[in-house]
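A.B. asks: turn this into a structure:
(one chain, ligands or ions: 1)
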Amino acid sequence: MNNVQILNLSIDNFSTAELLQKLEIEGGTVFTPNVDHLMKLQTDSEFYNIYQSCTYRICDSKILLYVSKFLGQPLKEKISGSDFLPAFYNHFNQYEDTTIFLLGAASGVAQQAQENINQKVGRKMVIDSYSPTFGFENDEEECQYIIDRINRSGATVLAVGLGAPKQEKWIARYKHQLANIRIFLAVGATIDFEAG
Ligand code: UDP
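C.D. replies: As a prediction, this is how the structure comes out:
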């Protein structure tokens, strides 16, 4: 079973190792659906359309995992953003050309997460980070500043932690202006966790 359908959400049935392998070969965009996403997908058509165009939708919910079992199509794993980001940077640390930009969380938090991750992996893998101001998504100037900063950084991976559906919408809106990014990760509150 490659994916499991729950209402209007199709969840990919990957283990963490399988997803890492896929990303290594093909790159792409990763969303981490939970019950809150599923509820929003029922009423927010923009969110739904963005979800359709995403490359990987992995299960970040025990409830959805149980539902998949109940449907007789068991998902292999619950993979939360906060588990996946460390798995990601530990795995991709073998590739020196993989560099990450962190976008999200409150002022100073992304910078702290950047320092913590770089200390763990032993190199400047997180090449830059930015915590946007409240309501920045409606400010074209700040969004343009962020795009320029990501592009200038040379990062190949963008991890966005703005909560759903803001992070998914931001990625969908601007990914075409981020030519160097191979992998987009919507990571929710993971930047907060990495900041400790
Ligand atoms: N956040 C942000 N800017 C915003 C809204 C949220 O940086 O305009 C951050 C917030 O600081 C937190 C994360 O987004 O780090 C969202 O956390 P939440 O627990 O809501 O995410 P979830 O994983 O539940 O979607």
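A.B. asks: separation between Gly163 and the ligand?
C.D. replies: As for Gly163, its distance to the ligand is 3 Å (criterion: C-beta to the nearest ligand atom, to the nearest Å). (Glycine included, C-beta is placed from N, CA and C.)
A.B. asks: can you tell me the closest non-neighbouring residue to whichever residue of the chain sits closest to the ligand?
C.D. replies: Using C-beta to the nearest ligand atom, Gly188 is the residue of the chain that sits closest to the ligand, at 2.1 Å. Closest residue to Gly188 apart from its sequence neighbours, by C-beta to C-beta, 6 or more residues apart in numbering: Gly81 at 4.7 Å.
A.B. asks: sorry, back to before: now the residue of the chain closest to the ligand: how far from Tyr95?
C.D. replies: 25 Å (C-beta to C-beta, to the nearest Å).
A.B. asks: again, but for Ser53
C.D. replies: The gap separating Ser53 from Tyr95 is 26 Å, by C-beta to C-beta.
A.B. asks: per-domain residue ranges of the chain.
C.D. replies: 7-70, 81-195 (automatic domain parsing).
A.B. asks: mean pLDDT and mean neighbour count for those - can I get that in JSON lines?
C.D. replies: Formatted as JSON lines, the domains of the chain follow (pLDDT from 0 to 100; neighbours: other C-beta atoms under 10 Å):
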{"stretch": "domain 7-70", "mean pLDDT": "98", "mean neighbour count": "17"}
{"stretch": "domain 81-195", "mean pLDDT": "98", "mean neighbour count": "18"}
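A.B. asks: distance from the centroid: which residue in this protein tops it?
C.D. replies: Within the chain, the residue lying farthest from the chain centre (C-alpha atoms, centre = their mean) is Gly72, at 28.0 Å.
A.B. asks: and it, what pLDDT?
C.D. replies: On the pLDDT scale, Gly72 is placed at 96.
A.B. asks: and if you look at the one 3 residues further on?
C.D. replies: Leu75 is assigned a pLDDT of 97 by the prediction.
A.B. asks: repeat for Met1
C.D. replies: In this model, Met1 is scored at 65, pLDDT.
A.B. asks: can you pull out the strands in the protein?
C.D. replies: Ranges of strands in the chain, per DSSP state E, are 3-6, 9-12, 28-31, 56-57, 100-104, 126-130, 157-161, 183-186.
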